[in-house]
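K.L.:
With the input below, show me the fold.
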Amino acid sequence: MPLNLSLVGKEYPPISYEVGREKLREFAIAVGETDPVYHDEQAAKAAGHPDLPAVPTFPVVLGHRAGAAVVGDPELGLDYSRVVHGEQAFAYRRPPRAGDRLLATPKVAAIESKGRHELLTIATGVTTEEGEPVCQATSLLISRGTAAEGAGSSVAPDDGSRSGFEQAPPAPAGPGAGRSAAGVTVGDDIGELREPIDRLDLIRYAGASGDFNVIHWSDEAATAVGLPGVIAHGMYSMGVAARLVAGWGGDPAALRRLRVRFSAMIRPGQTLVVRGHVAELDGGTATLRFSGEDEQGNKVLSKGEAALELAG
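P.N.:
Coordinates of the predicted model:
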């Protein structure tokens, strides 16, 4: 059954979320982030943050909770058993941090047809209760085999909220914490990160993120839907890749955009290898491109891109 195009542009009521230090630490541990700035209050304050900042993919916790109203809307007609996560993007005004009282407002941004499949885009804007823009999480979900023959597409018109968010001046970076623009050139290698995937990692990530889809921890459930066994969350892989990007940038507040496409599955017992380089320089902004492969060279994450503000 095709998705209901008339819901494009529909905004759902916001959910509220109070960010706690222990939740931030739990999520950082779940993606393997060990930088003290994400764990130790004194280290965070020494880097110029009022309190513990979130790792880059933490907003998916809010997006997952807020997006439940969208995917569960009976008028939309989405069969979640047919859904795979195709792409994920974040735009940041500043990192969420401990003590924030946030509102996350989801919206059906687009429904498009591609062959036999439909692409559902959910954009979740995150602000403080006082209205300060913090970040935006955009998820592209693929509804497999539900497109009707000759089905159309619908994209919500820009109401100014997204462009206004992206044009808002960024929050000041921590003093001396970010990477200096001096010496950075196009083509620079940002390094390599190798992360063995263990089943316990996926269970830990499920608890930290709230994504308890059984295909990520039960072989029986995974094989029942045609998978070879348990597979890693796409967002777990993205969270691991974000460590390389954020580590290169040197300051959580420097990150402005992050996006990736989920190209293939990776399973416990395999190793995720993430590599990237500086693709563009525009004034004080560096655009990085990165990808993730398994140990055999199969692409797991593709079209990875991040934009970071460099220190003067």
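
K.L.:
When you work out contacts or count neighbours from here on, use the C-alpha atoms and nothing else.
P.N.:
Will do.

K.L.:
and Ser263, how many residues sit next to it?
P.N.:
By the criterion of other C-alpha atoms under 10 Å, Ser263 has 18 neighbours.

K.L.:
I meant Ala206, not that one.
P.N.:
By the criterion of other C-alpha under 10 Å, Ala206 has 21 neighbours.

K.L.:
same for the host helix or strand of it, what does it pack against?
P.N.:
For Ala206, the element it lies in under DSSP states H and E is helix 199-209. Applying 3 or more C-alpha pairs under 8 Å, 6 or more residues apart in numbering; DSSP states H and E, we find helix 199-209 packed against helix 21-30.

K.L.:
buried ones in the helix it packs on?
P.N.:
By 16 or more other C-alpha atoms under 10 Å, the buried positions in helix 21-30 come out as Arg21, Lys23, Leu24, Arg25, Glu26, Phe27, Ala28, Ile29, Ala30.

K.L.:
Who are the packing partners of that helix?
P.N.:
helix 199-209.

K.L.:
Tell me the first helix or strand C-terminal of the helix it packs on.
P.N.:
Note on helix 199-209: by DSSP H and E, the next helix or strand toward the C-terminus is helix 219-224.

K.L.:
pLDDT averaged over that following helix - what is it?
P.N.:
Averaged across helix 219-224, pLDDT comes to 90.

K.L.:
Who's the closest spatial neighbour of Ala110, skipping the chain neighbours?
P.N.:
Excluding its sequence neighbours, the residue lying closest to Ala110 (C-alpha to C-alpha, 6 or more residues apart in numbering) is Val155, at 4.2 Å.

K.L.:
What segments of this protein are helices?
P.N.:
Shown for the chain, the helices assigned by DSSP state H span residues 21-30, 41-46, 60-71, 161-167, 199-209, 219-224, 234-249.

K.L.:
from the chain's centre, how far out does the longest one sit?
P.N.:
How far helix 234-249 lies from its chain's middle: 9 Å, per C-alpha atoms, centre = their mean, to the nearest Å.

K.L.:
And stretch 49-58, by the same measure?
P.N.:
14 Å.

K.L.:
State the mean pLDDT of it.
P.N.:
98.

K.L.:
Please enumerate residues in contact with that stretch?
P.N.:
Here stretch 49-58 makes contact (C-alpha atoms under 8 Å, 6 or more residues apart in numbering) with 21, 24, 27-28, 33, 37-41, 44-45, 90, 95-99, 174, 209, 235, 238-239, 242, 246, 252, 255.
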